[in-house]
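In: missing the sequence, but the structure's below:
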Ligand SMILES: Nc1ncnc2c1ncn2[C@@H]1O[C@H](COP(=O)(O)OP(=O)(O)O)[C@@H](O)[C@H]1O
Ligand SMILES: Nc1ccn([C@@H]2O[C@H](COP(=O)(O)OP(=O)(O)O)[C@@H](O)[C@H]2O)c(=O)n1
């Protein structure tokens with residue numbers, strides 16, 4: 001692209017839980033003036049709706065039949081990301097232990113994935129200045145033509161320590177076991193599992209501070225933009 005208005009840049013950031021996807025993506029988007037989409041919040045929101053409406057989480061047919069019902073709206077300002085279901089602000093209830101323990105089962109259902117994937121693609125297409133989209137299958141399935149794909153990793157110990165620091169007083173071992181179980185479910189599902197895209201840049205954040213990870217990703221985006 002010639003000098004002038006920059007082409008919208010699409011950045012995909014994937015990886016397991018606690019690797020720093022949300023914190024990194026929000027900060028990178030804010031620094032570069034891009035939109036931000038937390039796709040995990042969308043899967044949590046549809047899971048919250050299923051739980052609230054008494055759908056049997058152990059019955060994939062019941063989940064599939066209901067997948068089209070909730071209206072899920074994501075706000076993409078990195079300074080104030082929002083998530084609403086049928087007009088209700090669900091930012092807090094989607095983070096409960098109950099939703100966290102059920103989200104992998106709901107998000108494994110193909111009808112749920114196709115519904116949410118379509119929503120994600122339309123949000124990305126509407127982002128005039130570009131967007132940072134974080135999740136599990138963004139580089140592989142949702143936005144395979146993204147300008148830059150990052151795959152964040154970290155040791156299970158580091159991830160559990162970060163998460164239990166957030167859930168004040170949570171036992172690190174129990175948190176670690178729950179993370180490992182959720183990663184295994186997310187990585188082994190048939191439809192669009194958690195996976196690194198072949199052309200993604202892998203960044204191991206175990207020994208890095210959050211500002212170091214942010215700087216690394218900002219530099220990679222700027223290099224991509226300069227190379228266009
Ligand atoms: N490199 C890092 N070093 C230390 N703590 C981090 C790092 N990256 C993220 N964190 C912290 O770990 C927690 C989980 O990060 P988050 O961005 O929510 O991860 P994810 O979205 O991958 O689950 C947050 O409290 C965040 O501040
Ligand atoms: N693109 C995505 C994002 C999340 N998910 C699902 O949603 C769950 C919650 O994602 P999240 O990003 O909020 O999880 P945390 O890493 O923040 O704990 C994951 O464990 C996956 O089951 C998915 O299937 N695909």
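Out: Good, I have the coordinates. Fair warning: this is a prediction, and the values are worked out from it, not measured in the lab. Ligands and ions are numbered 1, 2, ... in the order given.

In: In this protein, which residue is most central in space?
Out: Ranked by distance to the mean C-alpha position of the chain (C-alpha atoms, centre = their mean), the top residue is residue 135 at 2.5 Å.

In: which non-adjacent residue is nearest it?
Out: residue 39 (3.5 Å; C-beta to C-beta, 6 or more residues apart in numbering). All C-beta spots, glycine's among them, are computed from the backbone N, C-alpha and C.

In: Wait, that neighbour touches residue 139, no?
Out: No: counting by C-beta atoms under 8 Å, residue 39 stays clear of residue 139, with 11.7 Å between them.

In: one step back: just the pLDDT for the residue nearest to the centre of the chain.
Out: Among the per-residue scores, residue 135 shows a pLDDT of 98.

In: and if you look at residue 175?
Out: For residue 175, the model assigns a pLDDT of 87.

In: what does the helix or strand containing it contact?
Out: Per DSSP states H and E: residue 175 is located in helix 172-188. Identification of contacts with helix 172-188 by C-beta atoms under 8 Å, 6 or more residues apart in numbering yields 16-18, 100-101, 103-105, 107-108, 136, 156-157, 159-161, 163-164, 167, 193-195.

In: next one: stretch 214-228
Out: Outside stretch 214-228, the residues within contact range by C-beta under 8 Å, 6+ apart are 1, 6-7, 9, 11, 13, 23-24, 27-28, 31-32, 147-148, 150, 201, 203, 208.

In: Might you list the low-confidence residue ranges for the chain?
Out: Scanning the chain for pLDDT under 70 picks out 1-6, 167-169, 228.

In: For it, list the residues in contact with ligand 1, please.
Out: Proximity of the chain to ligand 1 (C-beta under 6 Å from any ligand atom) is limited to residues 15, 17-23, 162, 166, 205, 208-210, 213.

In: from those residues, which is closest to ligand 2?
Out: residue 17 (3.2 Å; C-beta to the nearest ligand atom).

In: my read: the closest one touches residue 160, true?
Out: No: the pair residue 17 and residue 160 does not pass the contact test of C-beta under 8 Å, sitting 9.4 Å apart.
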